[in-house]
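Participant: sharing a sequence plus its predicted fold:
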Amino acid sequence: MASRRSWWIWLLAALVVAEGIILAALLLRSSWQKRAEGSAVARGQAVAARMGCFACHGPGGIAGIPNPGSSDDDVPSWSAGTAMMYLDKADDARAWILDGHPPGRKPDSGALLKMPAFRGRLAPEDLDALVAYVLAVQQFDSSTDPKISAGEQAAQRLGCTGCHGPEGRGLLPNPGSLKGYIPPWEGDDYTDLVRSDDEFRQWVRNGITDRFRANPAARRILDTQAIRMPAYGARVSDQDMEALLAYVRWVRANPRGSRAAHPPARCEAGAAGRQPSAGPGKGFPSLRPAIW
């Protein structure tokens, strides 16, 4: 009888421990998600969805719907340079959102669909985030450096921003991944994943780095998540690779939103910028960064 009671006690204790581990994992994942969603561009995307912007400007703001009677035939998208025809500077996007038209440009009187004025409907922080998102989708005021511009074009052509978000700033869900989303190029996720220029090249060429391939736990997570980093192999030329690397450095050094008010970080020679300490065991990564 005592032996049976002891068995039940051990079983109950095991269940309590297991429940605690699961709860801790859920809380940790939630904290990761909230931190990633805290970037200006990610918050701006959520604001755009909440305010109905995508109903007219299309999913993600990249494909405006037809607008009978308008001079452009369609509601302007925020991508492919379309909206740049309406904006001379970044603050024009703010005025467009608040007043329904950019400064110096009257609303299209013949358009059936009118751009609403959101003045008084957006909190200041939501307005800042929405502007950051719109400018990121537009790639407004990008670098004029030829190599960085080539990297920007390569990222579009190769589909990088389809998964990593506008300008690689996130944030797309990824079921089965450790953190629940595809990591953006800005923020700490990137520096966990990319510790050197060579690791950046390995991700692009092979879809995984040697460091992660050598870690069985990290490898399993990468193999079982829904969206996996593709191995581009020879599809990316050496010239495009170096241009992509230069573009990612530029993105990391020039954040959108409130952080951009501070002087941008200097573009270092290395891709990662900061070098985090190695994970447990012979320099292999821990489970924490295994999300790509």
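Facilitator: Perfect, I can see it now.

Participant: could you list the domains of the protein?
Facilitator: Here the domain parsing of the chain from automatic domain parsing is 33-141, 142-292.

Participant: nearest to S6, out of these?
Facilitator: Among the domains of the chain, domain 142-292 comes nearest to S6, with 33.4 Å by C-beta to C-beta. Quick note: C-beta positions are derived from backbone N, CA and C, even for glycine.

Participant: can you lay out the domains of the chain as a markdown table showing distance to S6 and mean neighbour count?
Facilitator: Putting those into a markdown table (distance: least, C-beta to C-beta, whole Å; neighbours: other C-beta atoms under 10 Å) gives the following:
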| stretch | distance to S6 | mean neighbour count |
| --- | --- | --- |
| domain 33-141 | 41 | 17 |
| domain 142-292 | 33 | 17 |
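
Participant: how close does the closest residue to H57 other than its chain neighbours sit to L172?
Facilitator: With C-beta to C-beta, 6 or more residues apart in numbering as the criterion, H57 has its nearest non-adjacent residue at 5.3 Å, and that residue is G64. Separation of G64 from L172 (C-beta to C-beta, to the nearest Å) stands at 21 Å.

Participant: please apply the same query to D91.
Facilitator: 29 Å.

Participant: check A234 too.
Facilitator: Going from A234 to L172 by C-beta to C-beta gives 26 Å.

Participant: now swap in L98 and tell me
Facilitator: Separation of L98 from L172 (C-beta to C-beta) stands at 29 Å.

Participant: what of L135?
Facilitator: Plainly put, L135 is 19 Å away from L172 if you go by C-beta to C-beta.

Participant: which helix or strand contains the residue nearest the centre of the chain?
Facilitator: Residue closest to the mean C-alpha point of the chain, counted by C-alpha atoms, centre = their mean, is G170 at 0.9 Å. Under the criterion of DSSP states H and E, G170 resides outside all helices and strands.

Participant: state the distance from it to V41.
Facilitator: Distance from G170 to V41, by C-beta to C-beta: 7 Å.

Participant: rewinding a little: the residue nearest to the centre of the chain: what's it in contact with?
Facilitator: G170 is in contact with 36, 39, 41-42, 164, 181-184, 186-187, counting by C-beta atoms under 8 Å, 6 or more residues apart in numbering.

Participant: hmm, which of the residues you listed is lowest in pLDDT?
Facilitator: Among the contacts of G170, A36 carries the weakest pLDDT, at 51.

Participant: which residues touch L122?
Facilitator: Listed by C-beta under 8 Å, 6+ apart, the contact set of L122 reads 47, 51, 97-98, 130.

Participant: take those and lay them out in TSV including secondary structure.
Facilitator: TSV is the format used below for those (DSSP: H, G, I helix; E, B strand; the rest coil):
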residue	secondary structure
V47	helix
M51	coil
I97	helix
L98	helix
L130	helix
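
Participant: now for the residues you listed, which pair is the farthest apart?
Facilitator: V47 and L98 (13.5 Å).

Participant: check contacts around the nearest residue to S77 once chain neighbours are set aside.
Facilitator: Spatial nearest neighbour of S77, chain neighbours left out: G64 (4.5 Å); criterion: C-beta to C-beta, 6+ apart. Contacts for G64 were tallied using C-beta under 8 Å, 6+ apart; they are 56-58, 74-77, 82.

Participant: helix, strand or coil for G64?
Facilitator: Following three-state DSSP, G64 is assigned to coil.

Participant: that one and L158, how far apart?
Facilitator: Note on G64: its distance to L158, by C-beta to C-beta, is 25 Å.

Participant: show me what contacts G168?
Facilitator: Taking C-beta under 8 Å, 6+ apart, one finds 155, 160-161, 184-186, 248, 251 in contact with G168.

Participant: do the same with N174
Facilitator: By C-beta under 8 Å, 6+ apart, the contact list for N174 reads 180-182, 225-227, 291.

Participant: still on that earlier bit, got the contacts of G64 as CSV, with pLDDT, distance to P103 and secondary structure columns?
Facilitator: Below are these laid out as CSV (pLDDT from 0 to 100; distance: C-beta to C-beta, whole Å; DSSP: H, G, I helix; E, B strand; the rest coil):
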residue, pLDDT, distance to P103, secondary structure
C56, 96, 21, helix
H57, 94, 20, helix
G58, 95, 24, coil
D74, 93, 22, strand
V75, 93, 20, coil
P76, 90, 16, coil
S77, 90, 20, coil
T82, 68, 18, coil
